[in-house]
Every structure is written in C-alpha cells, then in structure tokens.
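> Whatever this is, show me its structure:
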Amino acid sequence: MSEINDTDFTVDSYTEYNNVEEYKLPETVTYILLVLHTISSGISLSGNVTIIIQNAMTKRIKSPVNYYLTSMAFSGILLVVFCVPFTVMMNLVNYTWIFGRFVCSTLSYAQTASVIQCSFTLMASSVNRHLAICRPFRPKQSARTVNGIILGIWIASFAIPAPIAYFSTIVAYNDTKFCVEVWPTNTYRQSYSSVIMILTYGIPLLVLMVTYGHITVILSKRPPGEECEEMVARRCSARNKNIKVFLLAFGAYCVCWLPIHVITIVGDVNPSIYDLKSVHVLWLFAHWMAMSNSAVTAMITIFLKSMFSSCLSKVFRKRTESDVSHTRAELSARRMTHETIL
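Numbering: from 1, shown residues only. Okay, the predicted model is just below:
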C-alpha cells in the first residue's frame, strides 16, 4: 500500500480523493442501491445456475447455442461472485478498502475479463448463427470446435486485462484506503481504456450489426414456414428463437454497459468530473446497471429457451405418440395376417 502524494498522483488526475467525506451517500440512496444490487445479484446467480443445469441435463439438443449460453452463464456467475460483493462494500458500506492487495488486484481484472468473455461470446455466437443460416448445407460446428472456440475466448479474456491486475494497488488518503489503478501516465490509462472500449463495445456492435443484418435479409427472402413440413417449420421457429435470444442479450449488454463506458471515457479525458457528487452518484447507478447485465441476460435466456424447450417437448411427445400408434397398427396388422393364415 502507498500513500497518495505528489510522486504517485497528480492533483489534476486524482482530485476525487481530496474530499472523501463528501462522497458518502444519503441513506435513502444507499438503501436503494443495496436493494437493487441484492435483487439483480440474486436473479443473476439463480438464473445462470439454472441455465447451466438445464443445458447440462438437456442431452438431446447439445447445440453450439447451448454451449455459448452456458459459457456466458459462467461469466455471469464470475461477475456476481467475485466483483459485486467487494465493490458494494467499498462504495456503499465502508467507503474504504478492507480486502487487501490480492483482492484489489483481481477485482477489476475479473470484472474486465467477464465483460470481454461476454462480448466475445456474443460475437462468436452471431458468426455461428450467420454461417448456419447463410450456408445451411454446411456441416454445423462440432462440439470439439465449439469448445475450442470457447476455450480460446476464455484465454483471451484473462490475458487482455492483465495490465489492470498489474497496475491495481491500494492507496491511502488520510485514514481512507482505495483500490485504484496506478498507471505510469494518464496517456497509457486513456489509451488502454479506449482499447477495452473498442474490444468490448465497438467491434462486437459492428460484428453483430453485420451478421444479424445479413441474417434478416436472408430470412426475409425465403419462403414462409407454411410451405415446409411441420417439423421443418418447427426447426425454423427454434432457429429464429435462438437468434432472438442472442439479439436481445446483445441489446441488453449495450444498454447496461453504455453508461459506465461513457463516464469512464469522459473521466479519463477530464478527471475533474469526479469532483462532482452528482457524477459519483451517476457512476454508482451506472455500475449497478453494468453488474445487472448478467441478470437481464439470464432472464432473457430462461424465458425464451423455456418457450423453446416447451415447443421441443411437444414435438418429441407428438413424434413418440406417432411412433406408438404406428407400432400398434403394425402389430395389429401382423396379428390379423397370422389369424388369416391359421
């Protein structure tokens, strides 16, 4: 741990530490944020665990979609378990860092890794859906290929934010401790923040706009489902539902993470905005929105996939009933033939 001084920090860069007492929130605002974090964390944890269990138990439909959704569920759990409790304690309860250097180094690192994993997975799934629809006769990705892609995403997710773990440290101002990133210069900090913004927001937005825009054009030119057989129509419906899952998930990702990205980028360019208590309150609500993204994504997935599972179970039940009826008719015909011969 180090003390805040002119060697480590400049007044212009870290003026937010000059009046620590001013950042204590009114009790009403604190309680509202605590309730919001509790609700969103509970939904995220239970929802993502449900997704993992459901996909693990659904052995009939081991599709790339389920692999990607399971990977995103693990990312959501990582965010809730390793990030939310510590940031809530620091920002809403103690107003000082009490968890030591190791947790300080891993907190923002794990948060950024989770964000990168989610955005990269959304990109991979969109490319997978694009290939499946644009090239329907091409063999779909095998489980080994999908698992390899997911493993590569996780490795990249933990490698890219390594500088955050390296530059994160504990600093002290009077009797208050903070977990912050201490970069050699503000230029490095701003450049890295811009790179993370592009990787987790700009590029995914561009990729999903191109892939799903092309998918929409292709589907609009194909004949309606009524001209297909029933099973083909149901498969088309399931495919479209999977597209909706990822589109809504990405929409939720964009909405939830945009405010904190904007505040961070503006704060890197002009750190004096953090002197305003209103900006501090806005940051706390923006942080809650970002942390609640995994809960929103889990609810979207459970709602749409449960509808899909219900539809799928009806298909299997109908096929089973059809097979049973066919078997009974065949046995009855054989019995009648046997009696005729006798």
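> Show me where this structure has its helices.
27-57, 64-82, 84-88, 100-134, 143-159, 162-167, 186-197, 203-221, 230-269, 277-291, 293-341 (DSSP state H).
> Identify the residues contacting the fifth one?
This means helix 143-159. 62, 64, 67-68, 71, 113-114, 116-117, 120-121, 124, 128, 141 (CB atoms under 8 Å, 6 or more residues apart in numbering). For the C-beta atoms, the positions are set from N, CA and C on the backbone; glycine is no exception.
> And those, which is closest to Asn186?
Ile116 (22.9 Å; CB to CB).
> For the closest one, which non-adjacent residue is spatially closest?
Ser157 (4.3 Å; CB to CB, 6 or more residues apart in numbering).
> And that neighbour, how far from Phe120?
For Ser157, the distance to Phe120 (CB to CB, to the nearest Å) stands at 7 Å.
> Pull the number of nearby residues for Ile265.
Residues near Ile265, counting by other CB atoms under 10 Å, number 15.
> tell me the contacts of it?
193-194, 197.
> hang on, the earlier thing: from the contacts of helix 143-159, which would you call buried?
By neighbour count, with 16 or more other CB atoms under 10 Å, the contacts of helix 143-159 hold 64, 67-68, 71, 113-114, 116-117, 120-121, 124, 128, 141 as buried.
> got the contacts of Ile265 as JSON lines, with distance to Leu247 and neighbour count columns?
Shown next, in JSON lines, are the contacts of Ile265 (distance: CB to CB, whole Å; neighbours: other CB atoms under 10 Å):
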{"residue": "Ser193", "distance to Leu247": "27", "neighbour count": "18"}
{"residue": "Ser194", "distance to Leu247": "27", "neighbour count": "14"}
{"residue": "Met197", "distance to Leu247": "22", "neighbour count": "17"}
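> Just name the closest of the residues you listed to Ser278, please.
For the contacts of Ile265, the nearest to Ser278 is Ser193 (21.8 Å; CB to CB).
> Next up, the contacts around the residue nearest to the spatial centre of the chain.
Centroid-nearest residue in the chain: Cys118, 4.1 Å away (criterion: CA atoms, centre = their mean). Residues in contact with Cys118 (CB under 8 Å, 6+ apart) are 72, 75-76, 253, 293-294, 297.
> now the stretch 1-150 of the chain, which segments are flagged as low pLDDT?
Applying pLDDT under 70 to the stretch 1-150 of the chain picks out residues 1-23, 59-62.
> Run through the stretch 201-342 of the chain and note the low-pLDDT ranges.
Looking along the stretch 201-342 of the chain with the criterion set at pLDDT under 70, you get 221-242, 305-342.
> rerun that using 90 as the cut-off
Within the stretch 201-342 of the chain, the segments meeting pLDDT under 90 span 201-202, 204-205, 208-255, 257-258, 260-281, 283, 290-291, 293-294, 297-342.
> quick one on the thing from earlier: with distance to Asp175 as new columns, can the helices of the chain be given to me in CSV?
Shown next, in CSV, are the helices of the chain (distance: least, CB to CB, whole Å):
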stretch, distance to Asp175
helix 27-57, 20
helix 64-82, 27
helix 84-88, 20
helix 100-134, 17
helix 143-159, 35
helix 162-167, 24
helix 186-197, 26
helix 203-221, 42
helix 230-269, 25
helix 277-291, 19
helix 293-341, 35
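> quick one, which of those is nearest to Asn94?
That would be helix 84-88 among those, by CB to CB, at 9.8 Å.
> Return the alpha-carbon coordinates of the closest one using CSV.
Extracted in CSV, the C-alpha atoms of helix 84-88 (Å, rounded to 0.1, in the frame of the first residue of the first chain):
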residue,chain,number,x,y,z
VAL,A,84,-20.3,-7.3,-6.8
PRO,A,85,-19.8,-8.0,-3.1
PHE,A,86,-16.4,-6.2,-2.9
THR,A,87,-17.5,-3.1,-4.9
VAL,A,88,-20.7,-2.8,-2.9
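> what's next to that helix, contact-wise?
Against helix 84-88 from outside (CB under 8 Å, 6+ apart): 33-34, 37, 41, 99, 103, 107, 287, 291.
> Tell me the buried residues in it?
Across helix 84-88, burial judged by 16+ other CB under 10 Å covers 84, 86-88.
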